[in-house]
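**Student:** Give me coordinates for this.
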Amino acid sequence: MRRLFHALALCASLSVAGTATARTSQDEQLWINLTAMGSVSGKLVYFAEVQPRVGDGVSRLDQFMLRGAIGWKLSPSLTAYQGYAHIVLPVDGGRDVNEERSFQQLNWTMGKPWGGELSSRTRLEQRWRSDGEDMGWRLREMLRYEKPLKPGSDAVNALIYGEGFVALNSTDWGAKGGFDQLRSFIGAELGLGGASTAEIGYLNQYINQRDGNIRVNHVASVSVFFRH
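**Tutor:** Numbering: from 1, shown residues only. The predicted structure follows:
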């Protein structure tokens, strides 16, 4: 019995020690997204975006992204894209890390329940970074719902969305296979004239890091979409 007690006590100590090594870090950030999008010709469409992200308590550039894609409208509610992104990750006192991504994306307007609009975005990414040799695969799925605050008017819409990320493999530059992160947004979509809009609100980014560590970013998110 004494040996059993000692074994249980040892297991409990190891469990506590393992939990103690994991930690949660938090940050306040500002993300800005400027996107141009529209028709090229017929069913051929495009989008191009610039995204600076400011972190460390909104004190320095944390990430800078250029991303674009060409798409084909398969139907009025379904569009498929092939795109590419270049991401710069500044490193204090060191050489910036660059990430290159190829991605395939499917946008689907699912319907108009409860007087709003429900849509889905599925994106499969292939990722390379300058601090490693491996290619990482990642799957992203977003569900988005918007609803006019005033019936019959799109001037102001309530907006919520959630996006889950799953890494499909581990890499030598730090990606860990499995659940990667979850982004949750709540805010408003504002009409800017024509079909252009702005989305302003709070985004919570929950990131599953290595060794059981968690990072939570509290983001003031401002996105402007120029449509033509």
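
**Student:** CA atoms for contacts and neighbours, from now on please.
**Tutor:** OK.

**Student:** How about the top strand by length along the chain, which residues are buried there?
**Tutor:** Criterion DSSP state E: the longest strand present in the chain is strand 24-41. Applying a neighbour-count criterion of 16 or more other CA atoms under 10 Å, the buried positions in strand 24-41 are 28-37, 39.

**Student:** between those, which is closest to Gly162?
**Tutor:** Trp31 (16.3 Å; CA to CA).

**Student:** for the longest strand of the chain, packing partners?
**Tutor:** Secondary-structure packing of strand 24-41 (3 or more CA pairs under 8 Å, 6 or more residues apart in numbering; DSSP states H and E): strand 44-55, strand 214-227.

**Student:** Sheet-wise, list the partners of it with their directions.
**Tutor:** strand 44-55 (antiparallel), strand 214-227 (parallel) (DSSP bridges).

**Student:** Run me through the strand neighbours of the helix or strand that comes right after the shortest one, direction for each.
**Tutor:** In other words, strand 44-55. Note on strand 44-55: by DSSP states H and E, the next helix or strand toward the C-terminus is strand 60-75. Here strand 60-75 has these sheet partners by DSSP bridges: strand 44-55 (antiparallel), strand 78-89 (antiparallel).

**Student:** what's next to strand 60-75, contact-wise?
**Tutor:** 43-56, 79-90 (CA atoms under 8 Å, 6 or more residues apart in numbering).

**Student:** how distant is that strand from the center of its chain?
**Tutor:** 11 Å (CA atoms, centre = their mean, to the nearest Å).

**Student:** Going by neighbour count, list what's buried in that strand.
**Tutor:** 61-73.

**Student:** wouldn't Gly55 be in contact with Gln29 here?
**Tutor:** Yes. Using CA atoms under 8 Å, Gly55 is in contact with Gln29, at 4.5 Å.

**Student:** Now do the shared contacts for these two.
**Tutor:** With CA under 8 Å, 6+ apart, Gly55 and Gln29 have no common neighbours.

**Student:** re the thing from before, for the longest strand of the chain, what is the distance to the chain centroid?
**Tutor:** 9 Å.

**Student:** Would you mind extracting the C-alpha trace of it into PDB?
**Tutor:** Extracted in PDB, the C-alpha atoms of strand 24-41 (Å, rounded to 0.1, in the frame of the first residue of the first chain):
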ATOM      1  CA  THR A  24      -0.500  31.200 -21.400                       C
ATOM      2  CA  SER A  25       0.800  34.500 -22.900                       C
ATOM      3  CA  GLN A  26      -1.500  37.400 -24.000                       C
ATOM      4  CA  ASP A  27      -1.000  40.400 -26.200                       C
ATOM      5  CA  GLU A  28      -3.000  43.400 -27.500                       C
ATOM      6  CA  GLN A  29      -2.800  43.900 -31.300                       C
ATOM      7  CA  LEU A  30      -4.100  46.000 -34.200                       C
ATOM      8  CA  TRP A  31      -4.800  44.300 -37.500                       C
ATOM      9  CA  ILE A  32      -5.500  46.300 -40.700                       C
ATOM     10  CA  ASN A  33      -6.700  44.600 -43.900                       C
ATOM     11  CA  LEU A  34      -7.000  46.600 -47.100                       C
ATOM     12  CA  THR A  35      -8.500  44.400 -49.900                       C
ATOM     13  CA  ALA A  36      -9.400  45.200 -53.500                       C
ATOM     14  CA  MET A  37     -11.700  42.600 -55.200                       C
ATOM     15  CA  GLY A  38     -13.900  42.300 -58.200                       C
ATOM     16  CA  SER A  39     -14.500  40.800 -61.700                       C
ATOM     17  CA  VAL A  40     -11.700  40.500 -64.300                       C
ATOM     18  CA  SER A  41     -14.000  39.300 -67.100                       C
END
